[in-house]
Each structure stands twice: as C-alpha cells, then as structure tokens.
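> no letters, just coordinates:
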C-alpha cells in the first residue's frame with residue numbers, strides 16, 4: 001500500500017489529475033478545485049461524482065446536477081434560511097483562502113451554478129431556479145450516482 005499523502009492548505013487533492021490537464025474545460029477544473037477533496041474518493045459517501053475518468057465524472061455530474069445546484073445555491077441564502085449546508089462547506093473555504101462572503105460573490109461559484117443549472121431540465125423551459133426545488137425538498141431531488 002502506498003504511503004499516505006497528507007493534505008495541507010498548499011496542496012491539491014492527491015488524485016486531482018484533472019486540474020493539471022490542459023485539455024480539460026475550465027468547468028471541470030473548477031469542479032475538481034472546489035469539490036474533489038470530498039467527492040473524488042472511491043467511497044460512496046459523500047457522493048463520489050468526480051471519481052473515475054473524465055467521461056465518467058461528466059456523466060455523474062449530469063446525474064447529480066439537481067443536488068449540486070441546490071447545494072451551491074445555498075450560498076445565496078442567510079445561514080438561518082438554508083435547508084441544507086452549502087457546498088463547498090464553510091470549513092473548506094479557509095483552505096482555499098476564501099471567506100464565505102468572497103465565495104458567495106466568486107466567479108467560480110457563478111460558473112458552477114450556471115453549468116449545473118444548464119444540466120437540469122426546467123419544467124417550463126425557463127432557466128432553473130432554487131425555488132423550483134425548495135418545495136420538493138432536497139431529499140426528494142434526483143438521486144446522485146454513487147459508484148465504487
């Protein structure tokens with residue numbers, strides 16, 4: 001078994017090959033930068049939508065888009081109004097050198113939200129909004145793929 005590689009604030013995820021590949025789209029680099037610490041493992045929880053080769057994680061992001069969008073949108077709400085914890089978690093933002101206020105206004109958050117919103121089909125053809133899902137409740141959104 002290989003030696004464990006400790007994470008520090010200065011290091012990237014030890015299996016984050018996508019962030020270093022020039023041929024990857026910026027959106028997939030952003031997913032890996034902000035989500036891989038928790039969602040790139042080969043464990044089924046938390047949902048491992050970034051695990052696997054690029055073709056696989058692209059399909060998995062598609063399947064998880066409702067839940068990802070919901071969790072990203074939590075950043076626009078006051079903490080007391082959030083149904084779920086926002087992603088990435090507040091505790092992880094410090095590792096990225098970001099405050100919650102900086103992240104809530106960050107262009108990468110807008111990029112991630114726009115991408116996942118574009119993957120979710122709206123019932124009325126309008127751009128999807130958080131309000132479209134709040135009534136359903138997070139637990140009733142499409143199940144997020146979990147692979148091993």
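Received it, and whenever you're ready, just let me know what you need. Not measured: the values here are computed from a predicted model.
> quick one: list the elements packing against the helix or strand containing residue 103.
Here residue 103 is covered by helix 100-104, with elements defined by DSSP states H and E. Contacts of helix 100-104 with other secondary structure elements, assessed using 3 or more Cβ pairs under 8 Å, 6 or more residues apart in numbering; DSSP states H and E, are made with helix 90-93. From N, CA and C alone the C-beta is placed, and that goes for glycine too.
> would you mark the buried spots in the helix it packs on?
Across helix 90-93, burial judged by 16 or more other Cβ atoms under 10 Å covers residue 93.
> could you pull up the mean pLDDT of it?
Looking at helix 90-93 alone, the average pLDDT works out to 90.
> now what about the helix holding residue 103, what contacts it?
75-76, 88, 90, 93, 96, 109 (Cβ atoms under 8 Å, 6 or more residues apart in numbering).
> highest neighbour count among these?
Neighbour counts for those (other Cβ atoms under 10 Å) peak at residue 88, which has 24 neighbours.
> quick one: secondary structure of it?
Put simply, residue 88 is coil when judged by DSSP: H, G, I helix; E, B strand; the rest coil.
> list the contacts for residue 86?
With contact taken as Cβ under 8 Å, 6+ apart, residue 86 is in contact with 71-72, 74-75.
> roughly how far does it sit from residue 24?
Taken as Cβ to Cβ, to the nearest Å, the spacing of residue 86 relative to residue 24 amounts to 25 Å.
> about what we covered before: of all the contacts of helix 100-104, which comes closest to residue 34?
Residue 34 has its nearest neighbour among these in residue 88, at 5.0 Å by Cβ to Cβ.
> quick check: the closest one vs residue 126, distance?
Residue 88 sits 28 Å away from residue 126 when distances are taken as Cβ to Cβ.
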